[in-house]
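> Sequence and predicted structure are below.
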Number of protein chains: 2
Amino acid sequence: MKKVTINSVAQYAGVSKKTVSRVLNNEPNVSPATREKVLKVFKELDYRPNPIARGLARNKSFIIGCLYDNPSKSYITRVQSGALEACHKHNYNLLIHPCELRGEALIDNIDQLLTTSRLDGLVLTPPFSDSRELIEFLKQKNINYALVASAIQDDESISVCSNDEQGAFELTEHLITLGHTDIAFIKGHPDHSATENRFNGYKRALEQHQIPLQERLVAEGNFSYHSGADSAKAILDLTPRPSAVFASNDYMAAAVLKLATQRQLRVPEDLSIAGFDNAPIARHIWPGLTTIAQPVEEMTRQAVEQLILQISEPQDTVYQCVLEARLITRESTAANH
Amino acid sequence: MKKVTINSVAQYAGVSKKTVSRVLNNEPNVSPATREKVLKVFKELDYRPNPIARGLARNKSFIIGCLYDNPSKSYITRVQSGALEACHKHNYNLLIHPCELRGEALIDNIDQLLTTSRLDGLVLTPPFSDSRELIEFLKQKNINYALVASAIQDDESISVCSNDEQGAFELTEHLITLGHTDIAFIKGHPDHSATENRFNGYKRALEQHQIPLQERLVAEGNFSYHSGADSAKAILDLTPRPSAVFASNDYMAAAVLKLATQRQLRVPEDLSIAGFDNAPIARHIWPGLTTIAQPVEEMTRQAVEQLILQISEPQDTVYQCVLEARLITRESTAANH
DNA sequence: TGACATTATGACACCGGTGTCAGATGGAGG
DNA sequence: CCTCCATCTGACACCGGTGTCATAATGTCA
């Protein structure tokens, strides 16, 4: 079983390397007869072009890098699965690169990654998609990238996000409609733009229903289960206790649920709880969490698809899209009485 | 900012390409003075060798592929995180490749992956690590690989696993010690060797304590939350109802807990529940799940580390290791009364 | 001091593709 | 029948490194 290279194909077919290369890349100016002949040899010898050699010649790697720093495992796997779908469709591969936004060496780290891996492009997921410094660096280095769930408004960046503000608004309104007025809110990580967007949606809903915002009901979390547990403690210790809690993601909501149950509070009778993201845990616990479904896979899929498009044939105008978030009601929210 | 290649370094340092290459690869037979000089130029020009060119010349990609087909997101991210740690330590990168074991086209799929990506090696996680067909294929193709959590006994395969049988034994014994004799068991996916190992540990503990195995208490799951929910229904409908349930992983255990709670059963007073893996969900729900902690990251880290070692300098004897699993007791198990 | 082993260095081909350009071929138009 | 242009094809350099081998420089020993 010896290696089949472009040379052996060329020799076998009785044409030049270059002609084989033309057929390989679907270039014009090859006579139908020749093309047919070469294609037949491809099949016969089971020829597979060497992507490394091709990469060297074209200065491409056919690899997309995916940057993340997110405490939620399910978010990461959803991101990966969307990215992989787009990659495989176009014969790219995905290289994952978790790293810390806050590390002083972020830019160095990415620079290192780019030079040691020759990535063709980068997908930035939150919180990286909100880092102007990183985006500036990539622009200057002329690296293609796409932003997922970014708040940055920028004509030059491929960007796919979902409507966090509207989602949070609808969820809050859902609680208000159920008769809740004292609705606690647990914020996410301050580095993520989603944190502010969701908080804004919450505030807008209160405002629209003429419910004053109570600072005492707002807790600072960071999207981790642990931070949710801390916030839950603070909130459940309040007197009077709010009748509902809206956590900025499902993990923190699950932490609230756990503490509430430990304290013998009945959910939703004594306390309504809502989350955000529709993570698996939202339906794995009892009562199931009312939440907002974000199309994470779809966002990432579209972002990567556009990124690859941009790589293969640079466009002047760049793809930007906002997908809709969707309210999912489960057992954790009920009327206030 | 023009490209710094080995040629420019050579020219700048006044030596040949080859000498630069020697310094780059720490080869002997370079005079200290020359080496020093070249190293200085590296710094000065901020030279980074092009891994693609190097890959072409050496027929290497410095990329490890990670194969998985596992319903548990947390398992996957733990696998990835261990694999990444080892990869980055040795300047490799990780390419992830989820695919289906059962697809008739598995071998084709992997063949395709290998030829389009030129991976230097493959980490097989369950259930792939138990596929003799795949392993045979890789051997024949001369591809380096490492097995994670495999039951296959084979002197030629790098393998790191944990002691599932013993873990299940200890967990079952824990339940028996608490006074339980009617202990239901939910099996995992039949393609995973862990499924049989865990079941064997359960049976051995029963046997050792002279408790007859009751077929009616054994349910077939497949590690998914959904299958756990189905099994839970079957088990909780039994009369008499068992006093404890041991699910082969935490997701299925969580499903049992959810159904039990929905049916107003008190856990652990009315029903003890235990899982396996120590997935995040085990501590995110109330009551927390008694479970067995598996060192997933560590297994994968060691496997990849050995794989890379094998790639860079082939060994005659191959690394094999069994790590210990550890019982973690939480609130979901208590004495039977 | 000469014979020989050892170390240091560079010239050159090569990995497996792609880009450039020149030349061959064939058909249309005068 | 010749000119001109469009279409096809291949020779060759190149991408940025590594492997092989010849040769130069240095050291060792008799």
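Sure thing, it's come through.
> Going along the chain, name the strands of the stretch 201-337 of chain A.
A:218-220, A:244-247, A:272-274, A:291-293, A:320-323, A:326-328 (DSSP state E, counting those that start in this stretch).
> Which stretch among those is buried most, on average?
strand A:244-247 (a mean of 31; mean count of other Cβ atoms under 10 Å in any protein chain shown). C-betas here are computed from N, CA, C, even on glycine.
> so what secondary structure elements neighbour that strand?
With contacts defined as 3 or more Cβ pairs under 8 Å, 6 or more residues apart in numbering or on different chains; DSSP states H and E, strand A:244-247 has these neighbours: helix A:164-177, strand A:183-187, helix A:225-236, helix A:250-262, strand A:272-274.
> Quick check: which element contains the residue lying closest to residue A:87 once chain neighbours are set aside?
Excluding its sequence neighbours, the residue lying closest to residue A:87 (Cβ to Cβ, 6 or more residues apart in numbering or on different chains) is residue A:94, at 4.8 Å. Per DSSP states H and E, residue A:94 falls inside strand A:93-98.
> Please save the CA atoms from that strand in CSV.
Provided in CSV are the C-alpha atoms of strand A:93-98 (Å, rounded to 0.1, in the frame of the first residue of the first chain):
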residue,chain,number,x,y,z
ASN,A,93,-11.5,20.9,10.8
LEU,A,94,-12.0,22.5,14.2
LEU,A,95,-9.3,23.1,16.7
ILE,A,96,-10.4,24.0,20.1
HIS,A,97,-8.6,26.5,22.3
PRO,A,98,-9.9,27.3,25.7
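> Quick one: the helices and strands packed on strand A:244-247 as JSON lines, columns for mean pLDDT too.
Formatted as JSON lines, the helices and strands packed on strand A:244-247 follow (pLDDT from 0 to 100):
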{"stretch": "helix A:164-177", "mean pLDDT": "97"}
{"stretch": "strand A:183-187", "mean pLDDT": "98"}
{"stretch": "helix A:225-236", "mean pLDDT": "97"}
{"stretch": "helix A:250-262", "mean pLDDT": "96"}
{"stretch": "strand A:272-274", "mean pLDDT": "98"}
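> Pick the most buried one from these.
strand A:272-274 (a mean of 29).
> Please compute how far that strand lies from its chain's middle.
Between the centre of strand A:272-274 and the centre of its chain there are 25 Å (Cα atoms, centre = their mean, to the nearest Å).
> for stretch A:200-210, same thing?
27 Å.
> For it, give the mean pLDDT please.
For stretch A:200-210, the mean per-residue pLDDT is 98.
> buried sites along it?
Residues of stretch A:200-210 classed as buried: A:201, A:202, A:203, A:204, A:205, A:206 (neighbour count, 16 or more other Cβ atoms under 10 Å in any protein chain shown).
> so which of those comes closest to residue B:140?
residue A:201 (57.2 Å; Cβ to Cβ).
> how close does the residue lying closest to residue A:141 once chain neighbours are set aside sit to residue B:117?
Sequence neighbours aside, residue A:114 is the residue nearest to residue A:141 in space, at 7.1 Å (criterion: Cβ to Cβ, 6+ apart). Separation of residue A:114 from residue B:117 (Cβ to Cβ, to the nearest Å) stands at 19 Å.
> residue of the stretch 101-250 of chain A with the smallest distance to chain B?
Residue of the stretch 101-250 of chain A nearest chain B, by Cβ to the nearest Cβ: residue A:115 (4.2 Å).
> Secondary structure class of that residue, three-state.
helix (DSSP: H, G, I helix; E, B strand; the rest coil).
> What is the neighbour count of it?
A count of neighbours around residue A:115, defined by other Cβ atoms under 10 Å in any protein chain shown, yields 17.
> swap in residue A:242?
Around residue A:242 there are 21 residues (other Cβ under 10 Å).
> Enumerate every residue touching it.
Neighbouring residues of residue A:242 by Cβ atoms under 8 Å, 6 or more residues apart in numbering or on different chains: A:180, A:182, A:183, A:184, A:217, A:235, A:271.
> Save the helices and strands packed on strand A:244-247 as TSV, and put in distance to DNA strand D too.
Shown next, in TSV, are these (distance: least, Cβ to the nearest atom of the strand, whole Å):
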stretch	distance to DNA strand D
helix A:164-177	43
strand A:183-187	47
helix A:225-236	45
helix A:250-262	44
strand A:272-274	54
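> Compare those and give me the one nearest residue A:289.
Set against residue A:289 and scored by Cβ to Cβ, the helices and strands packed on strand A:244-247 come closest in helix A:250-262, at 5.3 Å.
> Which elements pack onto the closest one?
Taking 3+ Cβ pairs under 8 Å, 6+ apart as the contact cut, helix A:250-262 packs with strand A:183-187, helix A:225-236, strand A:244-247, strand A:272-274, helix A:281-284, helix B:281-284.
> Show me what it is in contact with.
A:71-72, A:186, A:188, A:221, A:223-229, A:231-233, A:235-236, A:245, A:247, A:267, A:270-271, A:273-279, A:281-282, A:285, A:287, A:289, A:291, A:332, B:284-286.
> didn't the residue nearest to residue A:87 look like it was pressed against residue A:80?
Yes - Residue A:94 lies in contact with residue A:80 (Cβ atoms under 8 Å); the separation is 7.0 Å.
> Do me a favour and get the end-to-end distance for stretch A:314-322?
In stretch A:314-322, first residue to last residue: 22 Å (Cα to Cα, to the nearest Å).
> quick one on the thing from earlier: quick one, which of residue A:94 and residue A:80 is more surrounded?
Using other Cβ under 10 Å, the more surrounded residue of residue A:94 and residue A:80 is residue A:80, with 25 against 21.
> Any stretches of the stretch 201-337 of chain A with poor pLDDT?
Nowhere does the stretch 201-337 of chain A drop to pLDDT under 70.
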